[in-house]
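# I'll drop the sequence and a predicted model, then ask my questions.
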Amino acid sequence: MSQRLIYLDNNATTPTDPRVVETMIPYFYENPGNAASRNHPAGWVAEGAVDTAREQLADLINVDPREIIFTSGATESDNLAIKGVFEMYARKGNHIITATTEHKAVLDACKKVEKMGGEVTYLEVDSEGLISLEALEAAITDKTILVSIMWANNETGVIQPMKKIGEICAKHGVLFMSDATQAVGKIPVDPKEVGVHLMAWTSHKMYGPKGVGALFVNRKNPRVKVTSQMDGGGHERGMRSGTLNVPGIVGFGKAAAIAKEEMHEDAARLAKLRDKLQKGLMDVLEESYVNGSQEHRMPHVTNISFKHVEGEGLMMTFNQNIALSSGSACTSASLEPSYVLVALGLGDDLAHSSLRFSLGRFTTEEDIDATIKQVADGVNHMRELSPIWEMYKEGVDIDAIEWSEH
Ligand SMILES: *Cc1c(COP(=O)(O)O)cnc(C)c1O
């Protein structure tokens with residue numbers, strides 16, 4: 001990474017840990033085998049390396065290695081879990097429950113399920129970003145086959161009450177799936193302890209390489225099965241065909257082993273830096289608001305709205321130096337406010353005025369100090385140029401003004 005770039009977009013992807021890259025290299029040339037080649041040593045070496053990685057991943061989340069299915073990433077794992085359960089359990093029912101703040105990989109898989117004749121309930125969240133347990137329980141019917149709730153949100157870092165959701169699912173005999181992409185390797189994640197039966201995550205959000213992911217599928221009590229979404233050689237216990245990405249999987253395994261050793265220390269250090277960043281900005285910038293629960297939140301994330309400052313424009317003031325995400329999503333024609341922030345009750349303007357800061361293993365205190373300064377300068381600069389900010393300072397009630405549309 002270039003020296004000048006301050007990388008605070010770790011929820012979009014993390015840099016690959018150099019220790020991970022090192023373990024991958026022999027599997028490109030020296031050990032070229034296909035893990036499915038059972039009749040020569042090159043295949044055995046590849047298979048052994050995949051077995052080791054499977055154990056490293058299983059060890060991180062406290063499950064049996066046989067419960068791990070390798071995929072190409074969390075998008076595929078989410079699709080396999082949701083569509084695979086929908087097809088496999090069609091005789092039991094056709095109803096799935098999820099939440100409006102889920103990742104698109106879950107929401108769009110659910111939309112596809114609706115097209116295939118399924119029914120989906122989208123639970124709303126409160127201003128903290130949390131689902132209502134009462135609403136969840138009330139939504140369960142005798143047709144419900146799956147509840148899919150993410151462990152931690154990618155935009156706000158908000159952590160859902162996993163254990164309580166698991167209890168409700170167990171009580172009603174419904175499968176519980178979780179997209180835990182933003183949580184695995186950063187905080188302790190133990191699906192069996194909280195009653196999660198299927199869990200998706202990806203290597204490239206935990207310092208491993210891109211293009212490799214995993215799905216945990218519970219094997220016993222209950223024995224869960226998913227219908228494969230890719231037909232071919234019957235790899236991965238028939239649930240996901242396709243030659244395994246051996247170097248990627250080796251790297252993913254190493255990333256899991258490092259996370260197991262270092263995650264507690266990383267989390268404590270990042271929480272301190274995140275709090276310093278958040279406080280440093282809130283102390284000097286009036287009309288700034290933290291989005292989502294601060295109590296139930298990942299240690300390395302903060303999402304802040306700076307009122308009357310448009311996030312995309314703000315980023316332009318330091319774009320060459322700091323990598324961040326704003327609360328605006330680029331669609332084909334326009335900038336749409338983040339649907340996650342809108343679901344928390346933010347108006348379009350506050351959603352557009354937000355920035356997501358996601359710290360990571362390689363974030364330094366100097367990065368945070370420089371970010372506080374540059375963001376504060378940027379917000380002040382934009383507000384100085386803003387007629388709306390001027391009106392606000394003169395006491396005009398901006399929110400009461402009705403703007404005409406052109
Ligand atoms: C990044 C992300 C995904 C997609 O993961 P890929 O491996 O890039 O497909 C899915 N869910 C969440 C919550 C994510 O943050």
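Cool, got the structure.
# Next, the buried residues of stretch 121-136.
For stretch 121-136, a neighbour-count test (16 or more other CB atoms under 10 Å) marks 121, 123, 125, 128, 129, 130, 131, 136 as buried. Every residue, glycine included, has its C-beta placed from N, CA and C.
# how about the residues you listed, which pair is most distant?
121 and 128 (20.4 Å; CB to CB).
# residues of stretch 212-232 that come out buried?
In stretch 212-232, counting by 16+ other CB under 10 Å, buried: 212-218, 224-226, 228-230.
# okay, who's weakest in those residues by pLDDT?
Minimum pLDDT for the buried residues of stretch 212-232 is recorded at residue 230 (93).
# So it lies in a strand, does it not?
No - counting by DSSP: H, G, I helix; E, B strand; the rest coil, residue 230 falls outside a strand, being coil.
# so it makes contact with residue 239?
No - taking CB atoms under 8 Å as the definition, residue 230 is not a contact partner of residue 239, at 9.2 Å.
# who's in contact with the residue nearest to residue 17 when sequence neighbours are not counted?
Using CB to CB, 6 or more residues apart in numbering and skipping the chain neighbours, the partner closest in space to residue 17 is residue 207 (4.1 Å). Residues near residue 207 by CB atoms under 8 Å, 6 or more residues apart in numbering: 14, 15, 16, 17, 20, 185, 255, 258, 259, 360, 361.
# Can you lay out the residues you listed as JSON lines showing pLDDT and secondary structure?
Listed next are the contacts of residue 207 as JSON lines, based on pLDDT from 0 to 100; DSSP: H, G, I helix; E, B strand; the rest coil:
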{"residue": "14", "pLDDT": "98", "secondary structure": "coil"}
{"residue": "15", "pLDDT": "98", "secondary structure": "coil"}
{"residue": "16", "pLDDT": "98", "secondary structure": "coil"}
{"residue": "17", "pLDDT": "98", "secondary structure": "coil"}
{"residue": "20", "pLDDT": "98", "secondary structure": "helix"}
{"residue": "185", "pLDDT": "98", "secondary structure": "coil"}
{"residue": "255", "pLDDT": "98", "secondary structure": "helix"}
{"residue": "258", "pLDDT": "98", "secondary structure": "helix"}
{"residue": "259", "pLDDT": "98", "secondary structure": "helix"}
{"residue": "360", "pLDDT": "98", "secondary structure": "coil"}
{"residue": "361", "pLDDT": "98", "secondary structure": "coil"}
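# Residue of the stretch 1-150 of the chain closest to the ligand, please.
residue 73 (2.7 Å; CB to the nearest ligand atom).
# Tell me which residues of the helix or strand of the chain with the lowest mean pLDDT come out buried.
None of the helices or strands of the chain scores lower by mean pLDDT, DSSP states H and E than strand 328-330, at a mean of 78. For strand 328-330, a neighbour-count test (16+ other CB under 10 Å) marks 328, 329 as buried.
# next one: stretch 80-90
Buried residues in stretch 80-90 (16+ other CB under 10 Å): 80, 81, 82, 83, 84, 85, 86, 88, 89.
# for stretch 33-53, same thing?
Judged by neighbour count (16+ other CB under 10 Å), stretch 33-53 contains these buried residues: 33, 35, 43, 45, 46, 47, 49, 50, 52, 53.
# show me what contacts the last one?
Taking CB under 8 Å, 6+ apart as the contact definition, residue 53 lies against 249, 250, 252, 253, 254, 256.
# For the stretch 201-350 of the chain, give the residue positioned nearest to the ligand.
residue 202 (3.3 Å).
# hmm, back to that, what about the contacts of residue 53, which are in helices?
Using DSSP state H, the subset of the contacts of residue 53 located in helices is 249, 250, 252, 253, 254, 256.
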